[in-house]
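Student: Pasted the sequence and its predicted model underneath.
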Amino acid sequence: MGNISYFCIVKRFKYKIRAILLIIFLLLTDNISAQNSDSLLHQMDSVQISLLTCQPGKEVYSLYGHTAIRYQDKTHNIDIVVNYGLFSFGKPYFILRFIFGLTDYEMGIEPFPDFCSEYASEDRGVIQQTLNLTSQEKLNIANAINENYKPENRVYRYNYFYDNCTTRARDILVKNMNGNIKYVSDDDGASTYRDLIHQWNENHLWARFGNDMLLGVKADMTINGDQKQFLPDNLRKAFDDALIINKNGVKEKLVSNTQIIVQQSVQSASEITLLRPMTCSIFLLIITIFITIFEFYKKYRLWGFDLFLMLVDGLAGVILTAMIFSQHPTVSLNLQLLLLNPLPLFFAVPVIKCIKKGVAHRYCILATILIIMFFVGNFFQEYAEGMNIVALSLLIRCLSLKVNYRNK
């Protein structure tokens, strides 16, 4: 959910203003221990801490929105945003590191006006929820932010579902509140990680297809309310209805005020494409059926088509097999490996040689078994769009080869 690169920061942030704000903020928090506690708590009366929820953008990494924290001290004229979504595309092998769960994100602090200007320029709305906090809770959060911003603490290993810019913002707020947070039960019907992200990428079909290809069985397991808060808008909704229960059992609303800071002028555009994953898979099935019928009447095997399918299957399988070693827990067990795996790369040459000799290679039996197991896997995992049709195409080729050469 992090969506601000260092390239954007270099371009847009005013470093002098930012440095001054940071120095003031850090000096205030670093000197906490040297001041009278009553005086400090009194100073917190002018502090306001809010949760900022940003609407989705057009880039793939911003489809799910963003979360940040606003720290406003009117007495000392401080108005900053604490952001856990900083990353750099310029780091070596960024895409590979992201896929394998080895991406490091960083906490940053920036002036609130710059933050709003950036999202306004991208036509992305920002909603602010002012939190109903005691002076002690505000002080705790200020201390936690200061500690978290130290160079040795500000970098963290990003995880899409379990540890992202939204969960980090939530945790630094909730863990420094003295009362217990009670969330009102949601009834949105979405109960898995896959269900939840589908709500946000349903108009971006190829991004959704890529996610579903990589996500495995664990993404289809039921999750609880806290786990659903990895998405910015889910956290916003949870905070909106949440209650703080203090030690005396008194209940108060967690959010004292909600307002739109940046208005979105135009609704985000949907991805418009006729070449969607389902269309491509149906097209493959039609070609497969046509070629298979043609071969039946001509008594000739177009082995080049089989070679093409095996190479594409095997190369895609290499990617899914590599995901077994990813640090993302939800991708390690993926039943789509039954269909897309590296085995075709090893058997491609022997299979084609047998076809040329008019003999069905034993790999056809193995492939048929794996495809049938793949279909059974639909009971345990939701596959990427069109993958069942792709499996049907491969099954037709396996069975046609076995039938045509059954007596040879």
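Tutor: Received, thanks.

Student: Would you mind finding the longest helix in this structure?
Tutor: Longest helix of the chain, by residue count under DSSP state H: helix 277-298.

Student: In the stretch 251-400 of the chain, mark out all the strands, start to finish.
Tutor: 251-253, 255-262 (DSSP state E, counting those that start in this stretch).

Student: any idea how far Leu285 lies from Leu339?
Tutor: Separation of Leu285 from Leu339 (CB to CB, to the nearest Å): 14 Å. C-beta coordinates here come from the backbone N, C-alpha and C atoms, glycine included.

Student: In terms of neighbours, single out the busier of the two.
Tutor: The neighbour count for Leu285 versus Leu339, taken as other CB atoms under 10 Å, is higher for Leu339 (24 against 16).

Student: what residues are up against the more buried one?
Tutor: By CB atoms under 8 Å, 6 or more residues apart in numbering, the contact set of Leu339 is Asp313, Leu370, Ile371, Phe374, Met387, Val390, Ala391, Leu394.

Student: any idea which of these is the one closest to Cys54?
Tutor: Proximity of these to Cys54 (CB to CB) peaks at Met387, which lies at 32.7 Å.

Student: what does the domain assignment say about the chain?
Tutor: 4-262, 277-404 (automatic domain parsing).

Student: deepest of the strands of the stretch 251-400 of the chain, which one?
Tutor: Highest mean neighbour count among the strands of the stretch 251-400 of the chain (mean count of other CB atoms under 10 Å): strand 255-262, with a mean of 15.

Student: what's that strand in contact with?
Tutor: Strand 255-262 has contacts (CB under 8 Å, 6+ apart) with 51-52, 116, 119-120, 124-132, 239-240, 242.

Student: Tell me the strands beside that strand, with direction?
Tutor: strand 126-131 (antiparallel) (DSSP bridges).

Student: in the stretch 51-200 of the chain, which spans are strands?
Tutor: Counting by DSSP E, counting those that start in this stretch, the strands of the stretch 51-200 of the chain are 66-73, 78-87, 104-111, 126-131, 155-157, 180-182.

Student: my guess is Leu231 contacts Asn164, does it?
Tutor: No: at 9.2 Å, Leu231 does not count as touching Asn164 under the criterion of CB atoms under 8 Å.

Student: Tell me where the stretch 51-200 of the chain has helices.
Tutor: 94-99, 112-121, 135-148, 165-174, 193-201 (DSSP state H, counting those that start in this stretch).

Student: Gly317 is nearest to which of these?
Tutor: Judged by CB to CB, the one of the helices of the stretch 51-200 of the chain that comes nearest to Gly317 is helix 94-99, at 15.4 Å.

Student: ok, Leu235 to Asn388 distance?
Tutor: 34 Å.

Student: out of the two, which sits in the busier spot?
Tutor: The neighbour comparison of Leu235 against Asn388 (other CB under 10 Å) goes to Leu235, with 25 against 15.

Student: so what's the closest residue to the more buried one other than its chain neighbours up against?
Tutor: Spatial nearest neighbour of Leu235, chain neighbours left out: Gln229 (4.4 Å); criterion: CB to CB, 6 or more residues apart in numbering. Counting by CB under 8 Å, 6+ apart, Gln229 touches Thr166, Thr167, Arg170, Leu235, Ala238.

Student: swap the cut-off to 10 Å and go again
Tutor: 67, 166-167, 170-171, 174, 183, 223, 235-239 (CB atoms under 10 Å, 6 or more residues apart in numbering).

Student: go on, Leu345?
Tutor: Contacts of Leu345 were listed using CB under 10 Å, 6+ apart, and they are Met310, Leu311, Asp313, Gly314, Leu315, Gly317, Val318.

Student: try Ile319
Tutor: Ile99, Met213, Leu214, Leu340, Pro342.

Student: Ramachandran coordinates for the fourth one?
Tutor: Main-chain torsions, Leu340, degrees, to the nearest 10: phi -110, psi 100.

Student: ok, it touching Met213?
Tutor: Yes: contact status for Leu340 versus Met213: in contact at 8.3 Å, counting by CB atoms under 10 Å.

Student: So for these two, which residues contact both of them?
Tutor: Ala316, Ile319, Leu320, Asn334, Ala384, Met387.

Student: Quick one: low-confidence residue ranges for the stretch 101-250 of the chain.
Tutor: The stretch 101-250 of the chain contains residues with pLDDT under 70 at 101, 185-190.

Student: Grab the most central residue of the chain for me.
Tutor: Tyr160 (4.5 Å; CA atoms, centre = their mean).

Student: hmm, back to that, between the contacts of Leu339, which sits nearest Asp104?
Tutor: Nearest member of those to Asp104, counting by CB to CB, is Met387, at 32.2 Å.

Student: Not counting residues beside it along the chain, what's closest to the closest one?
Tutor: Gln336 (6.3 Å).

Student: Enumerate every residue touching that neighbour.
Tutor: Contacts of Gln336 (CB under 10 Å, 6+ apart): 212-216, 316-317, 320, 323, 374, 377, 381, 383-384, 387, 390-391.
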